[in-house]
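Visitor: let me see the structure of the following:
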Amino acid sequence: MHYRYHDSPVGPLLLAGDEQGLHLLLMEVDSRPWRIGSDWQPARSELDMVCHQLDEYFAGSRRRFELRLALCGTAFQQQVWQALQAIPYGQTCSYSELADAIDRPRAVRAVGAANGANPISIIVPCHRVIGRNGTLTGYAGGLARKQLLLNLEGVLQPQQAALL
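Guide: Below is the predicted model:
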């Protein structure tokens, strides 16, 4: 596994990946130190494409990431994370709409938990999920970052997305 830090408008990011794809994109939260695996090596050019696409996203010139992802989680989490990637840039959906999208309408809390366990924030856009009443709710990176990301995407007043 290779890792590197990347500066962004939402603060420093930790990226980690290998030949299978990107495994992690973490934000600094509450000054808690990141845990770097003992067998991880600093990246040379291995994560350059991720950094390039993130820079384009933050500059407003990229709306969709084209990266190989190596998401590790339960089958349910994988299903939620796949549905997150179907939420279009600049749009939002509620947790209940996300649960409906994966044909699990009664699993709203489980969807919220899977959303919170997303290991590749920003690229797997968990920030686009809001409360049913349109309020910003829960975000591992903090609500200020969630608002910043939504503002960057032009979501001043949350809009509901039509999920596939």
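
Visitor: ok, the residue nearest to the spatial centre of the chain - contacts?
Guide: Centroid-nearest residue in the chain: Ser121, 2.3 Å away (criterion: CA atoms, centre = their mean). The contact partners of Ser121, taken as CB atoms under 8 Å, 6 or more residues apart in numbering, are 25-27, 127, 140-141. Heads up, the C-betas are built off the backbone N, CA and C, glycines and all.

Visitor: once you drop chain neighbours, what's closest to Asp18?
Guide: Once flanking residues are discounted, Asp18 sits nearest to Met1: 5.0 Å by CB to CB, 6 or more residues apart in numbering.

Visitor: among the contacts of Ser121, who's most crowded?
Guide: His127 (28 neighbours; other CB atoms under 10 Å).

Visitor: for it, report the pLDDT, please.
Guide: pLDDT, His127: 94.

Visitor: list the contacts for it?
Guide: 121, 139, 141, 145-146, 149-150.

Visitor: recalculate using a threshold of 7 Å.
Guide: 139, 146, 149-150 (CB atoms under 7 Å, 6 or more residues apart in numbering).
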